[in-house]
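Chemist: Below is the structure, and that's it, no one-letter string:
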């Protein structure tokens, strides 16, 4: 979403933890071409206005958007593409103008090494390094428990997250959406351009 401030346009993405019912309602409206399916390699990456994927455990998901379109990469740490990461980098670079002020990204998923092995964190780190190398504003949600589902809408500039881990709101109904993310992930780094909401 964008707003005017002293003739400058600033883009602010929303990050929304949601339940599975809401997630399925949102993604049911997206075309089949928006879905990133198994076996989670570069070939399955989706380029569309809205993109989504499911069942993220030790995989890494990279979502990049220029405000008009988004591309979602759901990459398995054991696949050849993870080991030959240069192919993914070249694909991103050929799809987007990385110098655009509208470029933003999310790095999502991965599992602690004691659960899934070091390959999971290594792949996640490659996506982090890519964003850093190109100075792309990026929010990072790493590790944690549960199986995550992610959807991103360019239309509303919103990242939706559902997780098999519960919200844990029953004991404290005032739990903030940021607290929910911190319960779901080991590392939560929200870029200043982004806001967490429910």
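Modeler: That came through fine. Bear in mind the structure is a predicted one, so any value in this text is a computation, not a measurement.
Chemist: and the longest helix that the chain contains, how far from the chain's centre?
Modeler: Counting by DSSP state H, the longest helix found in the chain is helix 118-133. On the basis of CA atoms, centre = their mean, to the nearest Å, helix 118-133 sits 13 Å off its chain's mean C-alpha point.
Chemist: where does the chain dip in pLDDT?
Modeler: Low-confidence segments of the chain (pLDDT under 70): 1-11, 167-174.
Chemist: repeat that for 90
Modeler: Flagging of the chain using pLDDT under 90 yields the residue ranges 1-12, 111-118, 145-146, 165-176, 183, 193, 197-198.
Chemist: can I assume residue 111 sits in a helix?
Modeler: No: using DSSP: H, G, I helix; E, B strand; the rest coil, the assignment for residue 111 is coil, not a helix.
Chemist: Show me what the longest helix of the chain is packed up against.
Modeler: strand 60-65, helix 80-83, strand 104-109, strand 138-142 (3 or more CB pairs under 8 Å, 6 or more residues apart in numbering; DSSP states H and E). Quick note: C-beta positions are derived from backbone N, CA and C, even for glycine.
Chemist: For stretch 36-55, measure first residue to last.
Modeler: 11 Å (CA to CA, to the nearest Å).
Chemist: and it, which residues are buried?
Modeler: 36, 40-42, 44-46, 48, 50-54 (16 or more other CB atoms under 10 Å).
Chemist: from the residues you listed, which two are the most distant?
Modeler: Greatest spatial distance in the buried residues of stretch 36-55: 41 and 50, 21.1 Å, computed using CB to CB.
Chemist: So the residue nearest to residue 145 when sequence neighbours are not counted: helix, strand or coil?
Modeler: Leaving aside its chain neighbours, residue 145 sits nearest to residue 165 (5.3 Å; criterion: CB to CB, 6 or more residues apart in numbering). Here residue 165 is recorded as coil under three-state DSSP.
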